[in-house]
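Enquirer: Fold the following and give me the result.
(chains A and B)
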Amino acid sequence: MEEKNIHDDLAAIRSVMERSSKFISLSGLSGVLAGIYALLGAWGAYYFVYGHGRARPYYAVDSSNLTDGGLRFTYIYNGEILFLLLIAVLVLLASIITGYILTKRKAKRKGQAIWGRISRSLLFYMAVPLISGGGLILVLIYRGVYDIIAPASLIFYGLSLVSASNFTFTLVKYLGLCEIVLGLIAACLPGYGLLFWAIGFGVLHIIYGSLMYLRYDK
Amino acid sequence: MKVPFEKLDKAFENRLRLQIMSVLMVNDRYDFNSLKELLETTDGNLASHLKGLEKEEYIVVHKAFLGRKPNTTYEATEKGKEAFRQHLDALEKLIRQQKAN
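Expert: Purely as a prediction, here's the structure:
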């Protein structure tokens, strides 16, 4: 056996071990884009809720309710929640579509099937915490407990990333842990939900996406 | 020190067998069709090498039905895992030796 052969053997082992157990086609670029969508959404929501722009009449903001940072102590009004949900759904849809397209492209390049046993496991382990969290949040919205939305969504999203991370890059696990910690901090500071959302879904995604892009996308 | 080539496991001489074993080292079980897709090989080729590994008692076969479709999965035995580790060790030694020369 020649040296070239041994190296080929080792390369084959390594590649098969990785491809058979991990979904290595997740696109880093889509993480960055999802972060940008989230920041845009947060910016829109901020203007809508806090009325710094012309999106809503000034009288709707009671300045006695504002903190020093211009954020509000009291929570969202009933009428606002639908519009905010709409923004959130739009951001989510845009992120999913971008993620799907870019991941499909990368899967093609890496020679990995986008719909196989690994991506199925990945989605399943991601869906369990996400759907339980999403259901819980919807129930709480219905009951008017709005200040739970930001911390709960960050925590459940973090849990879903940690549980799915066995099937993809380890980086995803650390992103998940950061989201959980952020969610717990957000729970201590009600009224700042939007800010934590912008950090968790915007800033963290951009950081994680860039790291992924630099390490694995090329 | 010279590492004899006999240390390398004959059962893993074939690249496909080596790859099958690699898959079963990191996954508890793997089914036939997924293996075929992952390793980009034909039914016949894959089946014959799986038979070979089974004969060595490096893997065990589990036959089950998913509804009416047969679903065959494969699992590495302790013996197979040990043999694979030793084969890797031997490869590593060979490389080190070649570097030294």
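Enquirer: buried ones in the one helix or strand residue B:44 maps to?
Expert: In this assignment (DSSP states H and E), residue B:44 forms part of helix B:43-55. Along helix B:43-55, these residues count as buried under the neighbour rule (16 or more other CB atoms under 10 Å in any protein chain shown): B:46, B:49-50, B:52-53. C-beta: built from backbone N, CA, C; applies to glycine.
Enquirer: now those residues as TSV including pLDDT and distance to chain A?
Expert: Shown next, in TSV, are those (pLDDT from 0 to 100; distance: CB to the nearest CB, whole Å):
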residue	pLDDT	distance to chain A
B:46	94	13
B:49	95	14
B:50	95	15
B:52	93	17
B:53	94	14
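Enquirer: if we can go back for a sec, contact partners of the helix holding residue B:44?
Expert: B:11, B:14, B:16-17, B:20-21, B:32, B:35-36, B:39, B:59-61, B:74, B:80 (CB atoms under 8 Å, 6 or more residues apart in numbering or on different chains).
Enquirer: Just after that helix, pick out the following helix or strand.
Expert: strand B:59-66.
Enquirer: per-residue confidence averaged over that following strand?
Expert: Here strand B:59-66 scores 90 as its mean pLDDT.
Enquirer: So for the most centrally placed residue in chain B, what pLDDT did the model give?
Expert: Note on chain B: the residue nearest the mean C-alpha position is residue B:21, at 2.2 Å, using CA atoms, centre = their mean. pLDDT for residue B:21: 94.
Enquirer: The one 10 residues further on now?
Expert: According to the per-residue confidence, residue B:31 scores 90 in pLDDT.
Enquirer: low-confidence ranges in chain A?
Expert: The model of chain A has pLDDT under 70 over residues A:1-3, A:51-79, A:218.
Enquirer: what does it put close to chain B?
Expert: A:1, A:3, A:6-10, A:12-13, A:16-17, A:19-21, A:113, A:116-117 (CB under 8 Å from any CB of the partner chain).
Enquirer: which among those end up buried?
Expert: By 16+ other CB under 10 Å, those give A:6, A:9, A:12-13, A:16-17, A:19-21, A:113, A:116-117 as buried.
Enquirer: Secondary structure and distance to residue A:127 added to those residues, as a markdown table?
Expert: Listed next are these as a markdown table, based on DSSP: H, G, I helix; E, B strand; the rest coil; distance: CB to CB, whole Å:
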| residue | secondary structure | distance to residue A:127 |
| --- | --- | --- |
| A:6 | helix | 42 |
| A:9 | helix | 38 |
| A:12 | helix | 33 |
| A:13 | helix | 32 |
| A:16 | helix | 27 |
| A:17 | helix | 26 |
| A:19 | helix | 23 |
| A:20 | helix | 22 |
| A:21 | helix | 20 |
| A:113 | coil | 19 |
| A:116 | coil | 17 |
| A:117 | helix | 16 |
